[in-house]
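# Take this sequence and fold it.
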Amino acid sequence: MKKLLFLFIAFIAFSGTSLTAQNTKQIIIEHVDFSEMNQTEIPGAVVLSGNVRVLHDGIRMTCNKAYHFTKENYIKLFGNVKMNQGDTLFMDGRYAEYNGNKKFAYATGDVVMRSPDMRLTTDTINFDRTIQQAYYNSYGTIVNGENTLKSKSGRYIVGQKKYEFRTAVVLTNPKYVLKSNHLDYYTNSGHSYVFGPSTITSKEDFIYTEKGFYDTKKNEAELLTNSYIRYGTRVIKGDKLYYNKPKNYSSGTNNVRITDTINKYIMEGHFGEIYRKTEGDSIVMTKHAVAKTLVEKDTLYTHAKLMVVTGKPGERIIRGYNNARFYKLDMSGKCDSIHSDEKKGLTQMIKRPVIWNGDSQLTGDIVHIISNSKTEQIDSLKVLGNAFIIQKDTIGTGYNQVKGKNLYGKFRDNKLYEVDLIGNAEKIVYMYDKTELFGIDKGKGSSIHLEIVDNKITTATLFKKTESEVYPDSEFPENVRKFRGFVWRGDEMILSKDDIFPQEEKDLHDKIVKKSDDDKKVEDKPMDPLKKTLEYDKNNPQPKPKPQTP
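Predicted coordinates for the structure are as follows:
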């Protein structure tokens, strides 16, 4: 009897669809324990009861009871509803509807949608099989490996294995939490693309971005618009940032700025790197690199082709390699390389160093600047080997000169006020009575003591002198007015913070800043998926799942 009734239902189904388009596939009843027609209670429907199993164009549905509207090619399913599309997508719920003409499914009541790599739980899901997209607007929780995503609404694109969220979504991982209002999440790779204000928070770090990529499996990020990373007291910003948590590494490209709020320094350039280490972070900066350090109420600007900062807070060591230069309001200088030890308060200028303090030019083989680590003021100065002080005569055309083997100077309020030159000391000093030159003092001795007021030599006392005499200007020959080794480098003098940069680095900086400004004028758009996202399954093949028994 059941078999005859089933054949009768199939005949009605076939007859009712004779006028439909030939390419529209009909819902097929594969199995049912009991069938009946009640046109009074459910017009146009066949009632199917007990172990209902139907099939339509690659999707199989099972339930306890169903209403099959054969003419409309439509079915309603009740109780323990299960749908599966191939071996890749499964959906369970208490109630569902399916339109065979539109290939559209609707499920509600503790709905669970599953694939081999994710599980979505929500109240209601709509699934458009024509475009292979499922969406919900009833709050959902997605579990994908270690990641749990919660949002009010979302859309799942089956072919791309991608969720799209355009309302507030929170991705929780044991190691971090990601929050955004615009997130594309790929379930196979764990790759995330955010757009608009978004944050990634972990125990050690904090990331803010308005456009970026985050690999939730590798804990790795590529960040673009208005992005920054905060490590404790340090913050790195830049047009492009890269972050790798397992390697404790970050880098920035173009308009990079690293700020340390506790240690009062800033590093800027167009390529920077941070290496996090237990013995203290390391920072590397190139391309228009500059370190800005707050010294009392002044700022010290230090530049070199390559800038490196290492060490724990309070024990920083700053190194600058190749064409190092520095500037502050009352002092500037340059050398081949510079080494500054915060704990020792020692700055070493190595290879062809020169310092300008007011009107004074100081040179030697090696220059050491000693600072008071508590007051952060310059305390003293050492020039070791071929020490030379030159001051251009502001009234005449001559040069005051003092030289010796080594030089030891003392500072007060960051100004040089006392100097001793030791070993083979010599001096040439132009002596004035107000504006009238009355003599030129030339002498030699074992050492010379200088008193300096307002950056001008006021007294020069010779000790154990072997020669000393004041000559009238007319009796002092031109060919002896400069000591051997005299080099006036006034044309190299650094007069502003911009002078610390060579011209080629200024040109590079201007070019990068202009491009960055031009890019900001273009309307920002979400990132296109990276090649490693699109080819993830190809490069990471998974074993095929075993067929599941209906």
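# Counting neighbours, what do you get for Ser49?
16 (other CB atoms under 10 Å). Backbone N, C-alpha and C define where each C-beta goes, glycine included.
# what's near enough to touch it?
Residues counted as contacts of Ser49 (CB atoms under 8 Å, 6 or more residues apart in numbering) are Val32, Asp33, Phe34, Ser35, Glu36, Asn64, Lys65.
# can you give me the helices for the stretch 301-450 of the chain?
Counting by DSSP state H, counting those that start in this stretch, the stretch 301-450 of the chain has no helices at all.
# same deal with the chain?
For the chain, the helices defined by DSSP state H cover 2-16, 503-520, 531-534, 536-539.
# Of those, which shows the lowest average pLDDT?
Looking at the helices of the chain, the lowest mean pLDDT belongs to helix 2-16 (a mean of 42).
# what residue ranges in the chain score low on pLDDT?
Within the chain, the ranges that satisfy pLDDT under 70 run 1-23, 278-279, 296, 375-376, 544-550.
# Need the residue closest to the centroid of it.
Leu241 (3.0 Å; CA atoms, centre = their mean).
# Could you report the distance from that residue to Thr253?
8 Å (CB to CB, to the nearest Å).
# what do you get for Thr199?
Following CB to CB, the distance that separates Thr199 from Thr253 is 22 Å.
# got it, and Asp491?
35 Å.
# ok, the two, which is more surrounded?
Thr253 (16 against 5).
# Need the nearest residue in space to the more buried one, chain neighbours excluded.
Leaving out its chain neighbours, the residue that sits closest to Thr253 by CB to CB, 6 or more residues apart in numbering is Lys240, at 4.3 Å.
# And Gln160, by the same measure?
Tyr186 (7.1 Å).
# Contacts only, for that neighbour.
Gln160, Lys161, Lys162, Tyr163, Ser192, Pro529, Thr533, Tyr536.
# Now distance to Gly145 and neighbour count too, for the residues you listed, in CSV please.
Below are the contacts of Tyr186 laid out as CSV (distance: CB to CB, whole Å; neighbours: other CB atoms under 10 Å):
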residue, distance to Gly145, neighbour count
Gln160, 18, 17
Lys161, 13, 20
Lys162, 15, 20
Tyr163, 14, 25
Ser192, 13, 26
Pro529, 19, 18
Thr533, 16, 21
Tyr536, 14, 17
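# For Val429, state which of those residues is nearest.
Ser192 (71.3 Å; CB to CB).
# Quick check: the closest one touching Leu171?
Yes: with contact defined as CB atoms under 8 Å, Ser192 reaches Leu171; the gap is 6.9 Å.
# Tell me where the stretch 201-350 of the chain has strands.
205-215, 220-223, 227-231, 234-238, 240-244, 249-260, 265-275, 282-286, 290-295, 298-303, 306-310, 317-328, 331-341, 346-350 (DSSP state E, counting those that start in this stretch).
# any chance of these in JSON lines, with distance to Ala387 too?
Putting the strands of the stretch 201-350 of the chain into JSON lines (distance: least, CB to CB, whole Å) gives the following:
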{"stretch": "strand 205-215", "distance to Ala387": "48"}
{"stretch": "strand 220-223", "distance to Ala387": "50"}
{"stretch": "strand 227-231", "distance to Ala387": "42"}
{"stretch": "strand 234-238", "distance to Ala387": "39"}
{"stretch": "strand 240-244", "distance to Ala387": "46"}
{"stretch": "strand 249-260", "distance to Ala387": "35"}
{"stretch": "strand 265-275", "distance to Ala387": "30"}
{"stretch": "strand 282-286", "distance to Ala387": "32"}
{"stretch": "strand 290-295", "distance to Ala387": "24"}
{"stretch": "strand 298-303", "distance to Ala387": "23"}
{"stretch": "strand 306-310", "distance to Ala387": "28"}
{"stretch": "strand 317-328", "distance to Ala387": "19"}
{"stretch": "strand 331-341", "distance to Ala387": "14"}
{"stretch": "strand 346-350", "distance to Ala387": "13"}
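# which one is the residue nearest to the centre of the chain nearest to, not counting chain neighbours?
Leu241 sits nearest to Leu223 (CB to CB, 6+ apart), 4.2 Å away.
# Now do Asp87: how many residues are near it, please.
13.
# Tell me how many other residues surround Ser202.
By other CB under 10 Å, the residues close to Ser202 number 15.
# shouldn't Ile262 be in contact with Pro313?
Yes: checked against CB under 8 Å, the pair Ile262 and Pro313 is within contact range at 6.1 Å.
# intersection of neighbour lists for these two?
Counting by CB under 8 Å, 6+ apart, the residues touching both Ile262 and Pro313 are Thr233.
# Between the two, point out the one with more neighbours.
Per other CB under 10 Å, whichever of Ile262 and Pro313 has more neighbours is Pro313, with 14 against 10.
# Strands along the stretch 401-550 of the chain, start to end?
Using DSSP E, counting those that start in this stretch, strands in the stretch 401-550 of the chain cover 415-433, 436-453, 456-463, 467-471.
# and those, which is most packed in?
Comparing the strands of the stretch 401-550 of the chain by mean neighbour count (mean count of other CB atoms under 10 Å), strand 415-433 comes out on top with a mean of 19.
# which secondary structure elements does it contact?
Counting contacts by 3 or more CB pairs under 8 Å, 6 or more residues apart in numbering; DSSP states H and E, strand 415-433 packs against strand 378-392, strand 399-412, strand 436-453, strand 456-463.
# Direction included, what does the first one pair against?
In other words, strand 378-392. In its sheet, strand 378-392 lies beside strand 360-363 (antiparallel), strand 366-371 (antiparallel), strand 399-412 (antiparallel), with partners assigned from DSSP bridges.
# And the shortest one, by the same measure?
Strand 456-463 has the following strand partners under DSSP bridges: strand 436-453 (antiparallel).
# returning to what we had before: OK, contacts around the residue nearest to Leu241?
Neighbouring residues of Leu223 by CB under 8 Å, 6+ apart: Ile207, Thr209, Lys211, Gly212, Phe213, Ile229, Lys240, Leu241, Tyr242, Tyr243.
# Return the member of the residues you listed nearest to Thr397.
So of those, ranked by how close each gets to Thr397 (CB to CB), first place is Lys240, at 53.5 Å.
# My guess is that closest one contacts Asn254. True?
Yes: counting by CB under 8 Å, Asn254 is a contact partner of Lys240 at 6.3 Å.
# Asp92 contacts Lys82, correct?
Yes: applying CB under 8 Å as the test, Asp92 and Lys82 come out as touching, 5.2 Å apart.
# Now do stretch 321-331: distance to the chain's middle.
28 Å (CA atoms, centre = their mean, to the nearest Å).
# Over to stretch 314-330?
24 Å.
# Going by neighbour count, list what's buried in it.
Arg316, Ile317, Ile318, Arg319, Gly320, Tyr321, Asn323, Ala324, Arg325, Phe326, Tyr327, Lys328 (16 or more other CB atoms under 10 Å).
# ok, what's across the strand from Tyr408?
Under the criterion used (DSSP bridges), Tyr408 bridges to Lys382, Asp420.
# next one: Ser227
Going by DSSP bridges, Ser227 forms beta bridges with Gly238.
# Looks like Phe165 contacts Ser153 (just checking).
Yes: counting by CB under 8 Å, Ser153 is a contact partner of Phe165 at 7.4 Å.
# re earlier: of the contacts of Tyr186, just say which sits nearest to Gly404.
Ser192 (65.6 Å).
# partner residues bridging the residue nearest to the closest one when sequence neighbours are not counted?
If the residues on either side of it in the chain are set aside, Ser192 comes closest to Tyr214, at 4.5 Å by CB to CB, 6+ apart. Partner residues in beta bridges with Tyr214, using DSSP bridges, are Ser192, Ala221.
# can you pull out the strands in the stretch 51-200 of the chain?
Going by DSSP E, counting those that start in this stretch, the stretch 51-200 of the chain shows strands at 59-69, 74-85, 89-99, 104-115, 118-128, 133-136, 140-144, 147-151, 154-157, 162-165, 169-173, 176-180, 183-186, 191-202.
# what's the most buried one of those?
strand 183-186 comes out most buried of those by mean count of other CB under 10 Å, with a mean of 25.
# what about the closest residue to Gln132 other than its chain neighbours, how many neighbours?
Distances taken as CB to CB, 6+ apart place Val158 nearest to Gln132, at 4.1 Å, with adjacent residues excluded. The local packing of Val158 (other CB under 10 Å) involves 18 other residues.
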